[in-house]
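Trainee: Any chance you could fold what I've pasted below:
(2 chains)
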Amino acid sequence: MIGQLTLLERRLAIAITVLVAMVGAFFALVGRDDLIAIHGWVILMFASLIAFLLCRAIRLPIPPEARLREYYDDPTKAGIVLSLFWGVVGMSVGDWIAWMMAYPDFTFDAAWASYGRLRPVHTSGVIFGFGGNALIATSFHVMQRTCRARLPDQLSPWFVLIGFNLFCVLAASGYLIGITQSKEYAEPEWYADIWLVIVWATYLVLYLRTLARRREPHIYVANWYYLAFILVVAVLHIVNNLAVPVSFSSAKSYSLFSGVQDAMTQWWYGHNAVAFFLTAGFLGMMYYFLPKRAERPIFSYRMSIISFWGITFIYMWAGPHHLHYTALPQWVQTLGVTFSIMLIVPSWGSAGNALLTLNGAWHKVRDDATLRFMMVAAVFYGLSTFEGSFMAIRPVNSLSHYTDWTIGHVHSGALGWVAFITFGTFYCLVPWLWKRSQMYSKFLVELHFWFALTGIIIYLVSLWNAGIVQGLMWRTYTEDGLLAYSFQDSVEAMHPYYFARGIGGLMYVFGILIAVYNVYMTIRFGTKESDIEFKSPDEGVVASKLETSTGATQ
Amino acid sequence: MIFGLHSKVEKNSIALVLAIVLVSGVGGIIEIAPLFTIDNTVETAPDMRVYTPLELAGRHIYMREGCYACHSQMIRTLRDEVDRYGPFSLAVESKYDHPMLWGSKRTGPDLARVGNKYSDQWQTQHLTNPREVVKSSIMPAYPWLNTNELDTGDLSGHLRANASVGVPYSQEMIANASNDALAQASPDSLDTAALLERYGKATTVRVFDTNPDKVTEMDALVAYLQILGRLTDAANSDDSNVEGGS
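Mentor: Just a heads-up that it's a prediction; the model follows:
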C-alpha cells in the first residue's frame, strides 16, 4: 500500500509521524507523574511503528502515472478492516458488560475490568471505532464515484484514517486506566480532543478538495449527508469539549461550562452525535449503496431535499428532551419536545424514500441478504426515529427516562439501523474493492442476517419490558400513599431481562464474527474478477438514473 | 422555491457548506446562549459552598470509575422522585460542577442527596463489596480504593483550573490544596484549623474510610458522596411546585 504513495508523500508521511512521535515523547517526559505519560508512550509507539513501516518502504519503486486514472481505494479497504476490528471489540465488550448486569462478579478483580471503565470502551468502540471507520471508509468510496474524480492526493486520506484510529486507541485505552472527562460519548480528554480536531479539519479539506475536482455539476445526495456529518460533528465536538487542562503534564481537564449550561451543551452534543454521526453519515451510506445494490434510482429527489434540510435544521433543537423535568428551564424543554416531534417528518421522509426505492426490487430483497440488511436498516431507522419522538413527549419521558427503555431505544438505532446499513454496505463493497465476483459465502451472509435480527429482537423486547417495569415500579404507590417498592426491588426485577439481553447481544456478536470470517475468506480465497464476468460497480447507475428521474440536466 | 434554491446550492460546494453550518447553527444558538444570560436560569444561593480539595479529588474518582453511567444526580420534579430521594434538584446545586454529573440512567438509585444518608462505614463497606451490605446488589466492587493512596500532589493545579472556569477558589485555597485534602481526612492533623477557616466550620473532618493510617482514594470518594446534596440548603427552602408523575 505504501508503494502507491509518491516519494514526496512518503517523506511528508515520515515527517508527520516523527512529529507525532515527538509529541508523544513530550507527554511521556513532562507527564511522568501522571497518567498522561502512559498515553505519551502509546502515541510514541503508535507513531514509531508507522514511521518504521514507512522508512522500510521508502525505496519501493515510484508508482506509475496510470494509477491516477483509477479511483484510490486502499484507504477504504483499510477502513473496512479497521471498522470490523473495532466492531468486534466494541460489541464483545458490550455483551460482556451486559452479562455483568445479570452477574456482577462476571469480571476480573481489577480496576480496568469494572463496569464503569468498560462501558465507554463499548460505546466509543462501537460509535467511533466501528461506525466512524465505516463512515470514513465509505465516504472515500462514495465521494470519488459520485464526483467521478480521484482523491486529490494519497496522503491525506491515510492521515485521516490512521489519525482517527489513534484517537480511538487513546479513547479506549484511556478509559481502562482511568482517563475520562465523564461527558457521555465525549469522554476522551483534552489532548485527544485536540488531535481529533486536526484530523477532522484534514477530513473536511479532503472532502472539499475532492468535490472541487468533480466532473459532475451536481453534488449527489450522499455527499450532502457526509458533508453535514463532517461539518456538524466538528462544531459539536469543539464546543462540547471546551475545557481548561490542569496543566500540559496532566491528563485531566475541567469543562468550561458547569451545571445546567453544561447539561444543555452536553445533550445538544449527545443528541446530535446521534443525529450527525449515527444518522446523517449513515444516511449518506444508504443513499449511495441501497440504490446501487437494488439497481433502482432513488424514489424521490425532492423527498431527499426536504428530508436533508429538515434533519439538518430540526435535529439541533431536540437535545433538551434528554433533560425533561430537570433543572433545565421549562422553555427549553418545551422547544425540545416540539422539535423532537417535528423530527418524524424528515426522518420518515428518508426511511420512506429508502423503502420506496425498493419498489420493483422486492424480489431481490427476498433473495439477497445483503440488500435485506439495508432494507431492514431502513425499517429500523423509521421505527427508532418514531420511538425517539414518542419518548421525547414529556409524560412518556417521565416513565422512560433513566430506565433501560432508553438503552433499548439506542440499540434499536445502533444495532438495527447503523450496524445493519454498515453490514449491507460492507457485503457490497468487499467484493467490489477486492475485485471478487461475490462474497465467499452467501449462506454465511444469510446466517449473519438471521443471527443479528433475532439478537436485536430479543435485545429490544427484553429492554422494553425492563424499562417499563422499572419505570412503573419506581412510581407505584400503595393505598396508604407510600412508595410500593424499594429501589432494590426494581433491581431484582431486572435480572431475567438482563439475562435475556445478554443472550440477544451474544447472538449479535456471533453475527459480526461470522461477517469477519466471511470477509476474510472473500479477500483471501474469493474467486477473482477475471475468472468470472465481473460487473463493474463504477458504471454510475445511481447518478444517471437520478438525473433521468428528476429531469436534472448536465 | 426551496427546490430552486437547493439546485443552486447543490452545484456549489462552498455554498453547501455555508448553508449546512447556518441551518444547523440556529437550534443550538437559540437554546444554549440564553442560558448564560437569563438571570433566573440559575437560582441564587448565598450559602452555596465549593468542594473542598478532598471532595474534589473524590469527585474525580467518581468520574474515573464511571459511577455516572449508572447513578444520576438529578432528582426530577416528579412526586415519586421527591418522595424517594428528597427535594428536586435545583440548577444552583451543580453550579460548580465542571462538568455536571446529572447522568442519564439509573441502574442504581439517584445520588443527588445521598450525603449523610448512610454512615461512612456503610459507604466504605458497600464500595469494597456491595453484596456484603445489599445482598442482591449488582454494583461492581471497588476494593482497590482502600489500598490506593490518594495522590494529592497536583491538587493545587486542579483548584487553579477550576478557578479559571469560574469556581471561586481563593489563592490561599489553591496554594494549600494538598495539605487541606490530607487534613480533612486526618482529624488530629495540625492543618485542620486552617482548613476549617478556609472552607467553613461545617466542613466534615474525619477518617472517612475507617482506616486512620493513610489517606486513601476511599477517603476522598466517601467524602464526596457525603457532601452530595449538602453544598447549599436552597432546595429545602424552595417552595416551587412538584408535578404529579403518577
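Trainee: Can you name the residue of the stretch 51-200 of chain A nearest to chain B?
Mentor: Closest approach between the stretch 51-200 of chain A and chain B, counting by C-beta to the nearest C-beta: A:G116, at 2.4 Å. For the C-beta atoms, the positions are set from N, CA and C on the backbone; glycine is no exception.
Trainee: quick one: that residue from B:A141, how far?
Mentor: Summarising the geometry, the distance separating A:G116 from B:A141, computed by C-beta to C-beta, to the nearest Å, is 12 Å.
Trainee: Looking at the two now, which is surrounded by more residues?
Mentor: More neighbours sit around A:G116 than around the other of A:G116 and B:A141, counting by other C-beta atoms under 10 Å in any protein chain shown; the figures are 25 against 19.
Trainee: Spatially, what comes nearest to the more buried one if we skip its sequence neighbours?
Mentor: B:G66 (2.4 Å; C-beta to C-beta, 6 or more residues apart in numbering or on different chains).
Trainee: B:F3 is in contact with A:I306, isn't it?
Mentor: No - no contact is recorded between B:F3 and A:I306 when judged using C-beta atoms under 8 Å, the distance being 9.0 Å.
Trainee: With neighbour numbers in mind, choose between the two.
Mentor: Neighbours were tallied for B:F3 and for A:I306 using other C-beta under 10 Å; the higher tally belongs to A:I306 (18 against 12).
Trainee: Got phi/psi on the more buried one?
Mentor: With angles defined as degrees, to the nearest 10, A:I306 sits at phi -60, psi -50.
Trainee: Which neighbouring residues are in contact with the residue nearest to A:E492 when sequence neighbours are not counted, exactly?
Mentor: Beyond its immediate neighbours in the sequence, the residue positioned closest to A:E492 (C-beta to C-beta, 6+ apart) is B:S136, lying 4.9 Å away. B:S136 makes contact with A:Q488, A:V491, A:E492, according to C-beta atoms under 8 Å, 6 or more residues apart in numbering or on different chains.
Trainee: Among those residues, the buried ones, what's the ChimeraX command?
Mentor: Applying 16 or more other C-beta atoms under 10 Å in any protein chain shown to these, the buried members can be selected in ChimeraX as follows:
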select /A:491
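Trainee: anything in the helix or strand A:L453 falls within sitting right up against chain B?
Mentor: A:L453 belongs to helix A:442-475 when elements are defined using DSSP states H and E. Yes - judged by C-beta under 8 Å from any C-beta of the partner chain, helix A:442-475 comes into contact with chain B at A:Q470, A:W474, A:R475.
Trainee: Now do the buried residues in that helix.
Mentor: By 16+ other C-beta under 10 Å, the buried positions in helix A:442-475 come out as A:444-449, A:451-453, A:455-456, A:458-460, A:462-475.
Trainee: same question, stretch B:195-208
Mentor: Applying 16+ other C-beta under 10 Å to stretch B:195-208 flags B:L195, B:L196, B:R198, B:Y199, B:T203, B:T204, B:V205, B:V207, B:F208 as buried.
Trainee: Could you export the residues you listed as a markdown table, including secondary structure and distance to A:G270?
Mentor: Converted to a markdown table, the buried residues of stretch B:195-208 look like this (DSSP: H, G, I helix; E, B strand; the rest coil; distance: C-beta to C-beta, whole Å):
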| residue | secondary structure | distance to A:G270 |
| --- | --- | --- |
| B:L195 | helix | 38 |
| B:L196 | helix | 40 |
| B:R198 | helix | 36 |
| B:Y199 | helix | 34 |
| B:T203 | coil | 35 |
| B:T204 | coil | 34 |
| B:V205 | coil | 38 |
| B:V207 | coil | 39 |
| B:F208 | coil | 33 |
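Trainee: Among the residues you listed, which pair sits farthest apart?
Mentor: Put simply, by C-beta to C-beta the two of the buried residues of stretch B:195-208 set farthest apart are B:R198 and B:V207, 20.2 Å from each other.
Trainee: Was I right to think A:H322 contacts A:H271?
Mentor: Yes - at 6.3 Å, A:H322 and A:H271 qualify as touching, with contact defined as C-beta under 8 Å.
Trainee: still on that earlier bit, SS state for the residue nearest to A:E492?
Mentor: Reduced to three states with DSSP: H, G, I helix; E, B strand; the rest coil, the structure at B:S136 is coil.
Trainee: Tell me the spacing between it and A:I407.
Mentor: Here B:S136 is placed at a distance of 20 Å from A:I407 (C-beta to C-beta).
Trainee: From A:I179, how far out is the nearest residue to A:L68 once chain neighbours are set aside?
Mentor: Once its chain neighbours are removed from consideration, A:L68 has its nearest residue in A:R150; the separation is 6.2 Å (C-beta to C-beta, 6+ apart). Here the criterion is C-beta to C-beta. By it, A:R150 lies 39 Å from A:I179.
Trainee: quick one, which of the two is more surrounded?
Mentor: Regarding A:R150 and A:I179, a neighbour count based on other C-beta under 10 Å identifies A:I179 as having more, with 24 against 17.
Trainee: State the three-state secondary structure for that one.
Mentor: coil.
Trainee: Backbone dihedrals for it, both of them.
Mentor: Dihedral angles for A:I179 - degrees, to the nearest 10 - are phi -100, psi 120.
Trainee: Identify the residues contacting it.
Mentor: Under the criterion of C-beta under 8 Å, 6+ apart, the contact list for A:I179 reads A:L35, A:I36, A:H39, A:P188, A:E189, A:A251, A:K252, B:R64.
Trainee: go on, A:A273?
Mentor: With contacts taken as C-beta under 8 Å, 6+ apart, A:A273 has the following neighbours: A:I127, A:Y185, A:A186, A:V233, A:L236.
Trainee: switch to 7 Å and redo it
Mentor: Contact analysis of A:A273 by C-beta atoms under 7 Å, 6 or more residues apart in numbering or on different chains lists A:Y185, A:L236.
Trainee: A strand includes it, no?
Mentor: No - under three-state DSSP, A:A273 falls outside any strand and is assigned helix.
Trainee: Make CSV from the contacts of A:I179 and add pLDDT to it.
Mentor: Formatted as CSV, these follow (pLDDT from 0 to 100):
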residue, pLDDT
A:L35, 96
A:I36, 97
A:H39, 98
A:P188, 97
A:E189, 98
A:A251, 96
A:K252, 97
B:R64, 97
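Trainee: Can you verify B:R230 is assigned to a helix?
Mentor: No - when classified by three-state DSSP, B:R230 is found to be coil rather than part of a helix.
Trainee: If I look at the closest residue to it other than its chain neighbours, what pLDDT would I see?
Mentor: Leaving aside its chain neighbours, B:R230 sits nearest to B:G115 (4.4 Å; criterion: C-beta to C-beta, 6+ apart). The confidence metric pLDDT takes the value 96 at B:G115.
Trainee: show me the residues around B:G115 that make contact.
Mentor: Neighbours of B:G115 in contact, by C-beta under 7 Å, 6+ apart: B:L225, B:Q226, B:I227, B:L228, B:G229, B:R230.
Trainee: What of B:N116?
Mentor: Taking C-beta under 7 Å, 6+ apart, we find B:N116 in contact with B:Q226, B:R230.
Trainee: Ramachandran angles for it?
Mentor: Backbone geometry at B:N116, expressed as degrees, to the nearest 10, gives phi 70, psi 10.
Trainee: of the contacts of B:G115, closest to chain A?
Mentor: Proximity to chain A was ranked across those by C-beta to the nearest C-beta; first place goes to B:G229, at 13.2 Å.
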